[in-house]
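*Asks:* could you look at this predicted model? Sequence included:
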Amino acid sequence: MIYMNNIEFIQEALRLYEKYPTRYQLGTFFNKKTRDGKWLCDCTGLIKAILWKYPEHGVYKNNGIPDQNDIMMFNESIEKGTIKSIPEIPGLIVWQKGHVGIYLGSGKVLESTQKVWSNGEGNGLVMSQFNDSKDKMYRGTWTHWFKYRNIDYGMKEEKMKDNYQKINYNGISVHVSYFGKQENREYRGSVVGLKDKAQRSIYMEDTVLEKEGWKSGFNVNGTLFYTYEGLVYSEGILKVGGIVYQDWDTEFDELPCIAFDYSGNMIIERQADIKVKLHQYYGVITSAFGVLKNGVAYGRPSKHTSQYDSISGRTLIGKNKSNQIMAASFSGVTGKSGLKGNQLVGLAQYLGMVDCVCMDGGGSVYFSNDGAIKINTSRAVHNDIIFYYREKQEIVLPNNPDPHQTSGMVICTGNKKLNIREQPVNGKVVVTVGKDEFVEVIDFLDGLKSDGYQWAKVKWKDTIGYSQIDTAYTTLKEKSELL
């Protein structure tokens with residue numbers, strides 16, 4: 001699990017160094033004190049204290065960070081080298097057999113050590129130096145450096161895996177799913193629900209996607225809703241499976257919306273901004289309030305203030321800085337247990353989110369991962385958000401295709417003309433293309449239907465729209481042809 005980036009790691013290390021008096025003791029990590037009030041910590045304990053949030057909010061091993069000694073950390077590192085080859089990257093770990101320290105840059109190291117220098121400093125957290133042998137805090141015994149696997153130094157996204165974790169945050173059990181970056185999978189987000197009724201989340205599904213082989217990665221409860229004259233309404237926009245159920249609730253225009261385009265990509269924008277291009281989206285849902293935008297906390301919302309100010313169970317949806325989709329849910333009884341709206345900022349940052357919104361909460365909380373239900377309060381809801389995945393499918397092309405060049409795109413027609421599907425799955429028919437006519441393919445959209453058809457943006461004469469194309473007679477353009 002990537003817990004924080006290297007800069008955040010350094011900042012927290014320096015905070016501990018500046019705030020707390022320490023003394024070295026093997027096997028400790030800011031979890032014990034001496035009689036005179038000094039915190040005890042060994043060399044690897046400094047790293048563990050940062051990642052486990054000691055001493056203030058200790059969550060020993062519950063957040064997925066393993067309890068490792070220096071050799072285990074070194075052996076499982078994602079990249080390493082000899083100390084002479086150390087790059088100038090703050091947050092690297094320097095190593096010698098039996099001891100580690102945190103590299104600060106310019107040869108400086110923050111370490112917890114029992115060593116005492118000639119100036120009397122030592123036996124606790126100290127800043128040492130390995131470049132300048134004349135420095136009063138010189139230590140020349142480091143042999144290697146490495147990138148610790150739980151720190152983000154700019155890891156390649158293709159190494160990221162979908163995963164689920166249950167963590168402890170300030171005494172609350174939080175269920176967290178990470179989806180959307182595993183290279184052998186493709187993904188689609190969807191809003192599901194009923195037009196004017198409510199039902200339990202356990203029965204919510206996108207039947208169109210599931211018939212095409214998509215599997216539920218995570219499923220969480222959706223928006224706030226209310227009833228009027230026996231009918232159920234969402235507070236804000238609701239678009240399900242390409243059909244607009246409601247878009248007239250303008251009083252929530254400043255709240256952030258979650259939208260999924262027809263390729264399944266997730267966008268988070270103001271309701272007012274989503275509304276003007278509502279036709280572009282497969283599913284849209286308005287949140288209860290925003291938590292983070294580009295890493296910055298939203299202010300107190302003008303709507304749903306009672307929901308924001310009350311303590312309650314919650315459901316969060318967002319992205320981390322690698323653009324990985326995240327969902328987090330925890331149970332609570334409104335007014336009795338859970339977190340307040342302003343407390344969600346700390347949780348979202350703790351989880352590594354940079355964009356995040358809060359959906360419904362309290363009795364409406366539902367969370368399932370890979371079909372396994374983790375939270376189910378059994379309350380009927382108006383809608384859910386489901387993030388689907390499936391293994392990437394190969395496109396099989398015919399032998400000896402007959403290419404037809406159109407605007408830098410390659411269209412392989414074989415012995416037939418470009419075969420446009422007659423009945424689109426979603427939307428309405430704008431034009432019908434004659435069987436002896438060609439259309440220009442502007443761009444292929446991500447994803448392939450199980451029946452062999454793929455969505456593409458196309459142009460016929462002066463009309464531009466979206467259609468499904470029989471991939472048995474088409475091939476994707478190379479990236480170089482996008483120019």
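*Replies:* Happy to help now that I have it. Numbers count the residues shown, from 1 in each chain.
*Asks:* tell me how many other residues surround Met353.
*Replies:* 24 (other CB atoms under 10 Å). C-beta: built from backbone N, CA, C; applies to glycine.
*Asks:* let me know the pLDDT of it.
*Replies:* pLDDT, Met353: 87.
*Asks:* and the longest helix along the chain, what's buried?
*Replies:* When the chain is parsed with DSSP state H, its longest helix is helix 6-19. In terms of neighbour count (16 or more other CB atoms under 10 Å), helix 6-19 has its buried residues at 6, 8-10, 13, 16-17.
*Asks:* any idea which element Val174 lies in?
*Replies:* Using DSSP states H and E, Val174 falls within strand 172-179.
*Asks:* that strand - contacts with which helices or strands?
*Replies:* When contacts are defined as 3 or more CB pairs under 8 Å, 6 or more residues apart in numbering; DSSP states H and E, strand 172-179 packs onto strand 163-169, strand 215-221, strand 325-330, strand 366-369, strand 383-391.
*Asks:* rebuild the ones you listed as JSON lines, extending it with mean neighbour count, mean pLDDT and distance to Ile464.
*Replies:* What follows is these, written out as JSON lines (neighbours: other CB atoms under 10 Å; pLDDT from 0 to 100; distance: least, CB to CB, whole Å):
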{"stretch": "strand 163-169", "mean neighbour count": "17", "mean pLDDT": "83", "distance to Ile464": "40"}
{"stretch": "strand 215-221", "mean neighbour count": "24", "mean pLDDT": "95", "distance to Ile464": "32"}
{"stretch": "strand 325-330", "mean neighbour count": "25", "mean pLDDT": "95", "distance to Ile464": "29"}
{"stretch": "strand 366-369", "mean neighbour count": "25", "mean pLDDT": "96", "distance to Ile464": "39"}
{"stretch": "strand 383-391", "mean neighbour count": "23", "mean pLDDT": "94", "distance to Ile464": "28"}
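*Asks:* in a markdown table: these, plus distance to Tyr187.
*Replies:* A markdown table is the format used below for the helices and strands packed on strand 172-179 (distance: least, CB to CB, whole Å):
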| stretch | distance to Tyr187 |
| --- | --- |
| strand 163-169 | 14 |
| strand 215-221 | 7 |
| strand 325-330 | 8 |
| strand 366-369 | 14 |
| strand 383-391 | 5 |
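*Asks:* out of the ones you listed, which gets nearest to Tyr298?
*Replies:* Tyr298 sits nearest to strand 325-330 of all the helices and strands packed on strand 172-179, at 16.5 Å, using CB to CB.
*Asks:* poorly predicted segments of the protein, please.
*Replies:* 1-2, 63, 154-160, 393-439, 444-454, 460, 465-466, 468-483 (pLDDT under 70).
*Asks:* any idea how it splits into domains?
*Replies:* Using automatic domain parsing, the domains assigned to the chain come out as 4-152, 158-391, 403-482.
*Asks:* just name the most buried of these.
*Replies:* Per-stretch averages of neighbours, counted by mean count of other CB atoms under 10 Å, single out domain 158-391 among those, with a mean of 19.
*Asks:* torsion angles phi and psi at the residue in the chain sticking out farthest from the centre?
*Replies:* In the chain, Ser118 marks the outermost C-alpha relative to the chain mean, sitting 48.6 Å out by CA atoms, centre = their mean. Reported as degrees, to the nearest 10, the phi and psi values for Ser118 are phi -70, psi -20.
*Asks:* let me see the contact set for the nearest residue to it once chain neighbours are set aside.
*Replies:* What sits nearest to Ser118 in space, not counting adjacent residues and going by CB to CB, 6 or more residues apart in numbering, is Lys136, at 7.2 Å. By CB atoms under 8 Å, 6 or more residues apart in numbering, the contact set of Lys136 is 117-119.
*Asks:* same check on Ala198?
*Replies:* Per CB under 8 Å, 6+ apart, neighbours of Ala198: 225, 232, 380-382.
*Asks:* now it: how far from Leu255?
*Replies:* Noted for Ala198: a distance of 21 Å to Leu255, by CB to CB, to the nearest Å.
*Asks:* and what of Lys457?
*Replies:* Lys457 is 30 Å from Leu255, by CB to CB.
*Asks:* now Ala380
*Replies:* 23 Å.
*Asks:* what's the answer for Asp206, then?
*Replies:* Distance from Asp206 to Leu255, counting by CB to CB: 24 Å.
*Asks:* quick one: end-to-end distance for stretch 145-161.
*Replies:* Terminal residues of stretch 145-161 lie 26 Å apart, using CA to CA, to the nearest Å.
*Asks:* returning to that earlier point: just checking, what packs against the following helix or strand past the strand holding Val174?
*Replies:* With elements assigned by DSSP H and E, the helix or strand that comes after strand 172-179 is strand 185-193. The contact analysis (3+ CB pairs under 8 Å, 6+ apart) places strand 185-193 against strand 238-240, strand 256-261, strand 281-286, strand 383-391.
*Asks:* dump the ones you listed to a markdown table, plus distance to Gly98.
*Replies:* Below are the helices and strands packed on strand 185-193 laid out as a markdown table (distance: least, CB to CB, whole Å):
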| stretch | distance to Gly98 |
| --- | --- |
| strand 238-240 | 59 |
| strand 256-261 | 50 |
| strand 281-286 | 54 |
| strand 383-391 | 44 |
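*Asks:* which residues in this protein form helices?
*Replies:* Going by DSSP H, the chain shows helices at 6-19, 43-51, 70-75, 207-211, 271-275, 305-309, 344-350.
*Asks:* how distant is the third one from the center of its chain?
*Replies:* I take that to be helix 70-75. Chain-centre distance of helix 70-75: 28 Å, with CA atoms, centre = their mean, to the nearest Å.
*Asks:* how about the fourth one?
*Replies:* Centroid separation for helix 207-211 versus its chain: 24 Å, with CA atoms, centre = their mean.
*Asks:* then the last one?
*Replies:* Centroid separation for helix 344-350 versus its chain: 13 Å, with CA atoms, centre = their mean.
*Asks:* my read: Met4 touches Gly352, true?
*Replies:* Yes. The pair Met4 / Gly352 is scored as a contact, 7.1 Å apart, by CB atoms under 8 Å.
*Asks:* I'd say Leu125 and Leu46 touch.
*Replies:* Yes. At 7.0 Å, Leu125 counts as touching Leu46 under the criterion of CB under 8 Å.
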